[in-house]
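>>> Sequence first, predicted model second:
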Amino acid sequence: MIPASGTPDLPALARGDETAWTELVRMFGPRLLAVARGLLRDDAAAEDCVQSAYLQALRNFAGFEGRSAVGTWLHRIVVNAALVVLRSRRRKPEEPIEPLLPVFDRSGYRAAVGPVARDPEELAGRAEATEILRSAIDLLPESYRTVLVLRDLEEMENQDVATLLGDTPNAVKVRLHRARSALKTLVEMPKAEIRISRVSEVCRWVLGAPARAVPLVITCRQFEDFIMDFLEGSLAPVHRRRFEMHLRTCRECRQYLMRYRATLAMAHAAGAADPTAAVPRALLRAIAGALGDKKADPLAGER
């Protein structure tokens, strides 16, 4: 969401004061550009989206009832405008996300994926972490990237995201978990593509369960299904006990969860980062031009 960044002069905005609107652009413009850029992956499209949102806000400011902060109101307009653009682009199927997700053998145990180039735990806190994370987010399939940006970077509520996307909260939750898992893979960037051969899969099916020193209460696949509720503190006590027991006895899932958490922390940090992008001059000119047109029309304030 848009953080507090000064106090807009609402009466001056309502009067169409150019100085007040210019300040509003400078106040929230960089953050709104970051939001649109995260959803659209295109700087020019993001600028057009934010300009359209500000002009829409200018035309409809008389209807602003103050139930939320101006920044929150603008944020919602920008998100809606970006989603309209995304829907207009959907002319071909998006890339499948499955190659970026964890692999399980037939017995439900997690298959090792080999060495990685970057460990999210070690990367967190470094200066380049945000840039690496945003580049990884850009590689996510669109429907998953959209959910992740809105939930983890913009910290919108699950129900609000579901309403915006015309989906159910549960569908959003499932897609978010898959997006986070895929993002973890993209951040790690495996040194070499590792494919599980038919032979190794059969061997793991035969040897996987007996090789465990301690029988597992739940499989790694079931553990995966519980991760979201565990992190949100909503996992039922009986499942939580099974989850924690599995965590203690399964090294692969323990490592996976640590890296998953580190990737999620990086996403939250990237969302909270203060954008430094300059406000496009075209946006300032568009606002000034719209204000000039409004003042030149004697009936503008009555519409």
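Received the coordinates, thanks.

>>> what's the distance between stretch 282-296 and the middle of its chain?
A distance of 33 Å separates the centroid of the chain from that of stretch 282-296, by Cα atoms, centre = their mean, to the nearest Å.

>>> With stretch 54-66 instead?
The answer for stretch 54-66 is 27 Å, by Cα atoms, centre = their mean.

>>> For it, give me every contacting residue.
Residues from elsewhere that reach stretch 54-66 (Cβ atoms under 8 Å, 6 or more residues apart in numbering): 10, 13-14, 16, 21, 24-25, 29, 70, 73-74, 77, 81, 283, 286-287, 290-291, 294, 301. (Each C-beta comes from the backbone N, C-alpha and C, glycine too.)

>>> try stretch 130-138
The contact list for stretch 130-138, computed with Cβ under 8 Å, 6+ apart, reads 38, 41, 118, 123, 145, 148-149, 153, 183, 186-187, 263, 266-267, 269-270, 273.

>>> If burial is judged by neighbour count, which of the residues you listed pass?
38, 41, 118, 123, 145, 148-149, 153, 183, 186-187, 263, 266-267, 270 (16 or more other Cβ atoms under 10 Å).

>>> So which of the contacts of stretch 130-138 are in helices?
Here DSSP state H is the test, and the contacts of stretch 130-138 give 38, 123, 145, 148, 183, 186-187, 263, 266-267, 269-270 as lying in helices.

>>> Let me have those residues in a markdown table, adding distance to Ser52 and pLDDT as columns.
What follows is the ones in helices among the contacts of stretch 130-138, written out as a markdown table (distance: Cβ to Cβ, whole Å; pLDDT from 0 to 100):
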| residue | distance to Ser52 | pLDDT |
| --- | --- | --- |
| Gly38 | 17 | 91 |
| Leu123 | 36 | 87 |
| Arg145 | 21 | 95 |
| Leu148 | 24 | 96 |
| Leu183 | 29 | 95 |
| Leu186 | 30 | 93 |
| Val187 | 32 | 92 |
| Thr263 | 33 | 94 |
| Met266 | 31 | 92 |
| Ala267 | 27 | 91 |
| Ala269 | 29 | 87 |
| Ala270 | 25 | 85 |
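
>>> Same list as before, the residues you listed that is, but in a markdown table and with distance to Ala236 included.
Below are the ones in helices among the contacts of stretch 130-138 laid out as a markdown table (distance: Cβ to Cβ, whole Å):
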| residue | distance to Ala236 |
| --- | --- |
| Gly38 | 34 |
| Leu123 | 33 |
| Arg145 | 31 |
| Leu148 | 26 |
| Leu183 | 27 |
| Leu186 | 31 |
| Val187 | 30 |
| Thr263 | 25 |
| Met266 | 29 |
| Ala267 | 26 |
| Ala269 | 30 |
| Ala270 | 32 |
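
>>> ok, of these, which one's closest to Leu100?
Leu186 (6.5 Å; Cβ to Cβ).

>>> wouldn't the closest one be in contact with Leu139 here?
Yes: shown here, Leu186 and Leu139 form a contact pair, counting by Cβ atoms under 8 Å, at 5.4 Å.

>>> Using PDB, write out every CA atom in the helix or strand encompassing Ile137.
If you go by DSSP states H and E, Ile137 is part of helix 129-138. Provided in PDB are the C-alpha atoms of helix 129-138 (Å, rounded to 0.1, in the frame of the first residue of the first chain):
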ATOM      1  CA  ALA A 129      18.900  -8.000  -3.300                       C
ATOM      2  CA  THR A 130      16.000  -5.800  -4.400                       C
ATOM      3  CA  GLU A 131      17.300  -5.600  -8.000                       C
ATOM      4  CA  ILE A 132      17.700  -9.400  -8.200                       C
ATOM      5  CA  LEU A 133      14.300 -10.000  -6.700                       C
ATOM      6  CA  ARG A 134      12.500  -7.600  -9.000                       C
ATOM      7  CA  SER A 135      14.300  -9.200 -12.000                       C
ATOM      8  CA  ALA A 136      13.100 -12.600 -10.800                       C
ATOM      9  CA  ILE A 137       9.500 -11.300 -10.300                       C
ATOM     10  CA  ASP A 138       9.500 -10.100 -13.900                       C
END
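
>>> quick one: average pLDDT of it?
The average pLDDT within helix 129-138 is 90.

>>> shaky segments in the stretch 151-300 of the chain?
Residue ranges of the stretch 151-300 of the chain with pLDDT under 70: 190-216, 274, 276-277, 293-300.

>>> rerun that using 80 as the cut-off
Confidence mapping of the stretch 151-300 of the chain against pLDDT under 80 gives the ranges 189-217, 272-280, 282-284, 286-288, 290-300.

>>> Helices along that one, start to end?
All helices of the stretch 151-300 of the chain, identified by DSSP state H, counting those that start in this stretch, fall at 158-165, 169-188, 198-207, 220-232, 237-249, 251-272, 281-296.
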